[in-house]
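# Whatever this is, show me its structure:
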Amino acid sequence: MGSAIIHLVILLLLVFVAFTVHPPPEKEEGILVNFGTDETGLGIIEPSPPAVQEQSSPPAASAAKVKTEEDPLLTQNTEEAPEVKKVDPEAVKRKLEKMEVAKKLREQKEAERIIKVQEDIERKKIEAEQQRQTDIMNRTKNALANSKNAGTNSTSEGIAGGTGNQGDPNGSVNSKVRGAGSGTGDKGISYDLQGRGFQKLPPPKYDYQGEGRVVVEVSVDRQGKVIQAVPGIKGSTTLDEYLLKVAKDAAMEARFEVKPDGPAIQKGTITYNFILK
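Residues are numbered from 1 along each chain as shown. Reported below is the predicted structural model:
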């Protein structure tokens, strides 16, 4: 039953769909064939070719006219170029002159600033030099005032015992070292390092017409080497720069006894008496 129904449906589709005949065209068309005068042809008259009918076309002018009326005529198919502004030479010249004037003003201000900085530096140097000269004068006055003191209130001073003051009568009153060569009158050099002996005390090397006493504060390490020397401390009677320099140089060459159990840095003094030669 199923097979019969399926075949019946297919047959109906073929009848109504596949076998449908299209209606003939309203006007039949054919192909003209010229058989000439052949005996097998029909007719004895040579048919003439059909008259050629010229196809009418609208005039070109009208079409152009209509197109002109419908669409506007394009005169340029590219974008409008930007308008080039004319350069005013006078305006450019004035602008350059203003820039030049501003540049000169900046240079002038910079030069004035540099001059001012240099003047400040020079002024500070002069003030520092004046202060240094004032300090030297004050220290010299104090040293000279101290040198005029005639004795002390003590009745005896020294390490050997007994009454009186031990040392060279011509030595330095500020030196605490007594004994041979410990004064400033015999050899012109004395030192004070809290009982620590010396190995070398070279005299200053100088050829200078000047005199006075220069006390140098020295810092000595455990090996006896002088690692720092400051000339012109309290007790000096002159602050001549040349004498201070040669005294410092001589103090830096001095050597003292090695003291492993002593302080890392021990401070003392070396006194140099400069006498006119």
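# V92 is in what secondary structure piece?
helix 89-147 (DSSP states H and E).
# same thing with Q228?
Following DSSP H and E, one finds Q228 within strand 226-231.
# In that strand, which residues are buried?
By neighbour count on 16 or more other CB atoms under 10 Å, the buried set for strand 226-231 is V226, A229, P231. Placement of C-beta: from N, CA and C, glycine included.
# Tell me which strands it pairs with, and in which orientation.
Based on DSSP bridges, the pairing partners of strand 226-231 within the sheet are strand 212-221 (antiparallel).
# now what about the partner strand, what contacts it?
With contact meaning CB atoms under 8 Å, 6 or more residues apart in numbering, strand 212-221 is reached by 147, 172, 174, 184, 193, 196, 226-238, 240, 243-244, 247-248, 251, 254, 256, 264-274.
# so what's I136 scoring on pLDDT?
Listed pLDDT for I136 reads 79.
# swap in P204?
Note on P204: pLDDT of 90.
# How much space separates it from K103?
60 Å (CB to CB, to the nearest Å).
# And the two? Which one has more around it.
Per other CB atoms under 10 Å, whichever of P204 and K103 has more neighbours is P204, with 20 against 10.
# Is it correct that that one is in contact with E253?
No. At 9.7 Å, P204 does not count as touching E253 under the criterion of CB atoms under 8 Å.
# Number of residues surrounding K267?
14.
# For K245, the count of nearby residues, please.
K245 has 14 nearby residues by other CB under 10 Å.
# Now it. Nearest residue, chain neighbours left out?
Residue nearest to K245 in three dimensions, not counting chain neighbours: P231, with 7.7 Å by CB to CB, 6 or more residues apart in numbering.
# in the chain, what secondary structure element scores lowest on mean pLDDT?
For the chain, using mean pLDDT, DSSP states H and E, the weakest element among its helices and strands is helix 60-70, scoring a mean of 52.
# What segments of the stretch 151-277 of the chain are strands?
156-157, 164-165, 189-192, 198-200, 212-221, 226-231, 255-256, 265-274 (DSSP state E, counting those that start in this stretch).
# Put together a markdown table for those strands, with mean pLDDT and distance to R139 on each row.
Below are these laid out as a markdown table (pLDDT from 0 to 100; distance: least, CB to CB, whole Å):
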| stretch | mean pLDDT | distance to R139 |
| --- | --- | --- |
| strand 156-157 | 59 | 26 |
| strand 164-165 | 60 | 27 |
| strand 189-192 | 88 | 20 |
| strand 198-200 | 89 | 27 |
| strand 212-221 | 93 | 11 |
| strand 226-231 | 93 | 12 |
| strand 255-256 | 93 | 27 |
| strand 265-274 | 91 | 16 |
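# do you know which of these lies nearest I126?
Counting by CB to CB, I126 lies closest to strand 226-231 out of the strands of the stretch 151-277 of the chain; the figure is 24.5 Å.
# angle of the closest one against strand 265-274?
50 degrees (axes from the mean of the first three to the mean of the last three CA atoms, to 10 degrees).
# I'd like the distance between R123 and E110.
R123 is 20 Å from E110, by CB to CB.
# what do you get for A247?
47 Å.
# Need the residues that contact the strand holding Q228.
The contact list for strand 226-231, computed with CB under 8 Å, 6+ apart, reads 214-221, 244-245, 247-248, 251-256, 265, 270.
# again, only this time at 7 Å
214, 216-221, 244, 247-248, 251-252, 254 (CB atoms under 7 Å, 6 or more residues apart in numbering).
# Buried subset of these as a ChimeraX selection?
Buried members of these, defined by 16+ other CB under 10 Å, are picked up in ChimeraX with:
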select :214,216,217,218,220,221,244,247,248,251,254
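# which one of the contacts of strand 226-231 is nearest Q130?
Once CB to CB is applied, the member of the contacts of strand 226-231 that ends up nearest Q130 is L244, at 18.9 Å.
# Just grab the bridge partners of the nearest residue to the closest one once chain neighbours are set aside for me.
Among residues not flanking L244 along the chain, P231 sits closest, at 4.3 Å (CB to CB, 6+ apart). Using DSSP bridges, the bridge partners assigned to P231 are V216.
# Tell me how far P231 lies from Y208.
When P231 is compared with Y208 (using CB to CB), they lie 15 Å apart.
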